[in-house]
Structure formats: structure tokens, C-alpha cells
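In: pasting the sequence and the predicted coordinates here, then a few questions.
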Amino acid sequence: MTSKDCGHHGKYRRKIWRRICAGILIFTFIVLITILIIWAVLQPSKPRFILQDVTVYAFNTSVPNLLTSNFQVTISSRNPNDKIGVYYDRLDVYAVYRNQQITFPTRIPPTYQGHKDVNVWSPFVYGTSVPVAPFNSVGLIQDQSTGSIMLIFKLDGRVRWKVGTFISGKYHFYVKCPAFINLGNNNNNGVVVGQNAVKYQLVQRCSVNV
């Protein structure tokens, strides 16, 4: 075989590889465009969350600037999409008072939510002797004296979307549920469900950000 033949074969191989690479790029581009078109046509909507009720087992500041609290919250989530499912890979629930987190995060088990499905969770969220800012401690005493308090129950996690066989990457998921609760002798909106436990029916819609 002459050197001219070797050069000819080398050029042929390079030509074949260029065609293969071009074919892969075109195929990848078509797949991405198809996914984007499907995503735009389906117009996915965010899940809708509702804070159904809150049961208060403990909420006190027996020691100055230290707060002990124990709640059970019932939260429902509805997937409004006809053709898109939701994977909740991670979802942590915790309570916030005046922009300060006052409980440890409680993790909800990972789950899949199908089309138009509704999921209901009832996790306990609690914190024992959690340090609070001095100005929040003063505000808490004032709120308790008036017999009402505003809490925010937040959910923070990661979700994925499922369209047919396609599953998206993970997205940051953030839910905020306000809860106006009457305390002490002013708990006319609550129902006593046990020793030192009062349940409040709220049915409060939550804001959702993805």
C-alpha cells in the first residue's frame, strides 16, 4: 500500500467521523427542541398548597429568650396539571415567627404526585428551648397578652417534573403558609383535642414559588 493510499483512507475516516458527530448534534438539537415545544404547549402549573389545620401542643417561653413549641400541621397539595406529574424529592417543613425560624425542619418522605392528584401530609414540627432574638421575645410576650399570634409554616425542598417518559432536573421549591392562631382564653376558633392541645381549622391557601 502506497503512502497515497494511506492518506486517502485517513481522509475517508475523518469524513465519516465528521458525519457521525454532525448526526449526533442534529439529533440532540431535535430532541431538545421537541422537549421545549412540548413543555410550552403543556404550560405546567405549580402545585396548589393549602394549610388545613394546626394543632398546638406547646408554645411557651418559660425561660426568657428561649421558646419551646410543638405543632402538628395538616397540609394538602393538589397537582392541577392534566399531563404533568411531580416528584417531591425533598420537602422540609418548619415554623417561622417574625422572620425567625423557631422549630427544627421536619422532612416529609419523598413521593410522586400524579395528574390531578391530591396529597395530604400531617407532620409534627417542634423546637425545644430555641433561642429567639430579644425583640422577638418581647413581641411574643405582647402577642400572648393579646391572645393571638401570626406564624408562618414554610416548606422548602426540591421537585422534578414528569412529562410522559421525560423527567426534568431538580428545581428549588418554596411554599409559605400563613397561620393566624388565637391563644390562651381567646381560643374560640380552636377545638380542644387533648390535654393542653388545641386544634385550629384554618383552610389557608399558601403561596408557592419554583
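Out: Alright, I've got the coordinates. Numbering: from 1, shown residues only.
In: am I right that Arg160 sits in a helix?
Out: No - using DSSP: H, G, I helix; E, B strand; the rest coil, the assignment for Arg160 is strand, not a helix.
In: quick one: contacts for the closest residue to it other than its chain neighbours?
Out: Closest residue to Arg160 apart from its sequence neighbours, by CB to CB, 6 or more residues apart in numbering: Tyr87 at 4.2 Å. Quick note: C-beta positions are derived from backbone N, CA and C, even for glycine. When the contact criterion is CB atoms under 8 Å, 6 or more residues apart in numbering, the partners of Tyr87 are Pro110, Thr111, Tyr112, Gln113, Val159, Arg160, Trp161, Lys162, Ile167.
In: filter these down to the buried ones.
Out: Gln113, Val159, Arg160, Trp161, Lys162 (16 or more other CB atoms under 10 Å).
In: and the helices in the protein?
Out: In chain order, the chain shows helices spanning 3-42, 134-146, with DSSP state H as the criterion.
In: go through these and find the least confident stretch.
Out: Here the lowest mean pLDDT among these goes to helix 3-42, at a mean of 70.
In: now stretch 75-84: buried residues?
Out: Buried positions in stretch 75-84, judged by neighbour count with 16+ other CB under 10 Å: Ile75, Ser76, Ser77, Asn79, Asn81, Ile84.
In: which one of those residues sits closest to Ile16?
Out: Within the buried residues of stretch 75-84, proximity to Ile16 (CB to CB) peaks at Ile84, which comes in at 41.1 Å.
In: and that closest one, bridged to which residues?
Out: Val163 (DSSP bridges).
In: understood, closing this out.
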